[in-house]
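*Asks:* Structure, please.
(chains A and B)
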Amino acid sequence: MAENTLLEVRDLKVSYGGIQALKGISLTVGQGELVALIGSNGAGKTTTLKALSGLLHSTAGKLHYDGKSLHHMPAHQRVSAGLALVPEGRGIFARLSVAENLQMGAYTRNDSQVTEDIERMYALFPRLAERRAQLAGTLSGGEQQMVAMARALMSRPKLLMLDEPSMGLAPLMVAKIFETIRAVAAQGVSILLVEQNAKLALEAAQRGYVLEGGQITLEDSAANLLGSDAVRKAYLGA
Amino acid sequence: MIVDIFVQQIINGIVQGSVYALVALGYTMVYGILGLINFAHGEVVMVGAMVALTVLQALLAAAVAPLLAILLSLLAAMAVCMALGYGIERVAYRPLRNAPRLAPLITAIGVSIVLQNLAMMIWGREYHAFPLPLDNALHALGGAIITNVQIAIVLVAVAVMALLLLIVHRTRLGRAMRAVAENPAAAMLMGVDINRVISATFMLGSALAAVAGFMVSANYGIVHYYMGFMLGLKAFTAAVLGGIGNLRGAMLGGLLLGLIESLGAGYIGDLSGGFFGSNYQDVFAFMVLIAVLIFRPSGLLGERVAERA
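*Replies:* Below you'll find the predicted structure:
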């Protein structure tokens, strides 16, 4: 367990459409920690991230981030507080240029370093630099994932949440995205990573949680989870 | 001087089209961001005209210099309309943001009726002469006649539309507007307070409506509490013609509708052997609307036909 907890979730419940999608989950993410949340389709992974980012409202439970309760904080204010989500399906602005997408990422900032940060993103993803004036909707899936990640990083988050960053991408692109995730983590940004590809996620993470049917069924160090029989059988196909 | 009918109708069409374009932009901006037809928008134009009338009369009575009086009354109309646009969204649309599509349509019509009746109570049922303290000189242009006011209308419309495109494509607010229009949830994840962006959109559209209200009043010299209704419907038609949700489409649609109406009214008498007169002018706008809805529902520059949920 990390010593300085950045995010603490206690007994979080979320319902929508009459269905209880989260039945009281608890998890923590420490400062600078990379935590994986794995589970099968419909387990509640995306719901968890939506509740954390404010797109969905929790019906019960505690959400503490950086010492503050997030409970009544609307989604747009959570961004200024340092939470950023790269949503499932990326959510890029297809009719905005790549550069404009990155500028949107810096929407909450009014410091003078935005331009520098955009150049830093282009250095991190040279492919985006080549296509900065192009409409984001014309990019390939992998390039769009880069836009989504770079855009989220533009808000200078303390906690970066990623929802299925590998989904639908070619293996080479997946490797590139995970390399970036590691690099971002190495800079001290805390990361909560949601993935169906459990092996990839656990290899990158320090700790992990397994979510099943809206409940956390396992939590351990990533290494232990990778070695556990239950996880191997259910999620690693071995 | 012998007036060339064709050139004259083109000039009239461009002038009227400029007004339609400004009003159509208000419809299209709101539709682009909320997927909602703000049917009260025509009344905002009327309120703009009425406020401009009252302020202009007062300033002229106080012997303020004519150009300054025009400018101040226009600014007053814009300010009042922006507040009105903001209020309409807060009262009639925001509480229904997640309601079925029919609900905000009904409140839109309700707001429209309320505004008409309020205007009737404040300004009365009669037609008011719109005082224009300028020499509205006539100029010959290609065998036809154009007035100072008409030249000013076209120039101001072009300038205002250029400014709007600049705001939408080059500013932080404009970027946020386009982002919210495309994906509100993702915009929220960028830290955009989408309620503020929506309010700003209504206010921008209403400011354009005020400018348009001033223009029609100055051009025809008359204001009336019911003037917003037909103008609003036609501008809506222009927005649909251009492709609703598309800014350039609204501009193009406005201009085209102005030209179609003007040429139609100018030639219908000859073409029907005198059976129809130019009083059938309004028919053209709605024939265009029906034709667009049948043959090209997405409009000239529109891309998506898909219904938004």
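
*Asks:* Strands of chain A, residue ranges please.
*Replies:* For chain A, applying DSSP state E gives strands covering A:5-16, A:19-30, A:34-38, A:60-65, A:68-69, A:83-86, A:159-163, A:190-195, A:207-212, A:215-221.

*Asks:* deepest of the ones you listed, which one?
*Replies:* strand A:83-86 (a mean of 28; mean count of other CB atoms under 10 Å in any protein chain shown). (Glycine included, C-beta is placed from N, CA and C.)

*Asks:* Report all helices and strands that it contacts.
*Replies:* Contacting strand A:83-86 under the criterion 3 or more CB pairs under 8 Å, 6 or more residues apart in numbering or on different chains; DSSP states H and E are the following elements: helix A:45-53, helix A:141-153, strand A:159-163.

*Asks:* Neighbouring strands of it in the sheet, and parallel or not?
*Replies:* strand A:159-163 (parallel) (DSSP bridges).

*Asks:* I'd like the average pLDDT over the strand it pairs with.
*Replies:* Across strand A:159-163, pLDDT averages out at 97.

*Asks:* Residues of chain B that sit close to chain A?
*Replies:* Residues of chain B lying near chain A by CB under 8 Å from any CB of the partner chain: B:172, B:175-176, B:178-179, B:182-183, B:185-194.

*Asks:* Is it possible to mark the buried ones in these?
*Replies:* Buried by 16 or more other CB atoms under 10 Å in any protein chain shown: B:175-176, B:178-179, B:182-183, B:186-194, out of those.

*Asks:* Take those residues and keep only those in helices.
*Replies:* B:R175, B:A176, B:R178, B:A179, B:E182, B:A186, B:A187, B:M188, B:L189, B:I194 (DSSP state H).

*Asks:* list the contacts for the third one?
*Replies:* Looking back up the chat, that one is B:R178. A:F93, A:R95, A:L96, A:E100, B:V168 (CB atoms under 8 Å, 6 or more residues apart in numbering or on different chains).

*Asks:* Give me the subset of those residues lying in helices.
*Replies:* Here DSSP H is the test, and the contacts of B:R178 give A:E100, B:V168 as lying in helices.

*Asks:* which pair in the contacts of B:R178 spans the largest distance?
*Replies:* Largest separation among the contacts of B:R178 by CB to CB: A:F93 and B:V168, giving 13.7 Å.

*Asks:* The two: who's more crowded?
*Replies:* Legend: neighbour count by other CB atoms under 10 Å in any protein chain shown for A:F93 and B:V168, higher for A:F93 (25 against 20).

*Asks:* pLDDT wise, what is that one at?
*Replies:* Predicted confidence (pLDDT) for A:F93: 97.

*Asks:* That one contacts B:A185, doesn't it?
*Replies:* No: the pair A:F93 / B:A185 is not scored as a contact, 11.6 Å apart, by CB atoms under 8 Å.

*Asks:* Please list the residues of chain A that sit near chain B.
*Replies:* Checking chain A against chain B by CB under 8 Å from any CB, the hits are A:53-55, A:74-77, A:79-80, A:84-85, A:87, A:91-96, A:100, A:103-105, A:107-108, A:151-152, A:155.

*Asks:* Can you tell me which helices and strands the helix ranked longest in chain A packs against?
*Replies:* Identified as the longest helix of chain A according to DSSP H is helix A:171-186. For helix A:171-186, the packing partners by 3+ CB pairs under 8 Å, 6+ apart come out as strand A:34-38, helix A:141-153, strand A:190-195, helix A:198-204.

*Asks:* again, only this time at 7 Å
*Replies:* If you count contacts as 3 or more CB pairs under 7 Å, 6 or more residues apart in numbering or on different chains; DSSP states H and E, helix A:171-186 packs onto helix A:141-153, strand A:190-195, helix A:198-204.
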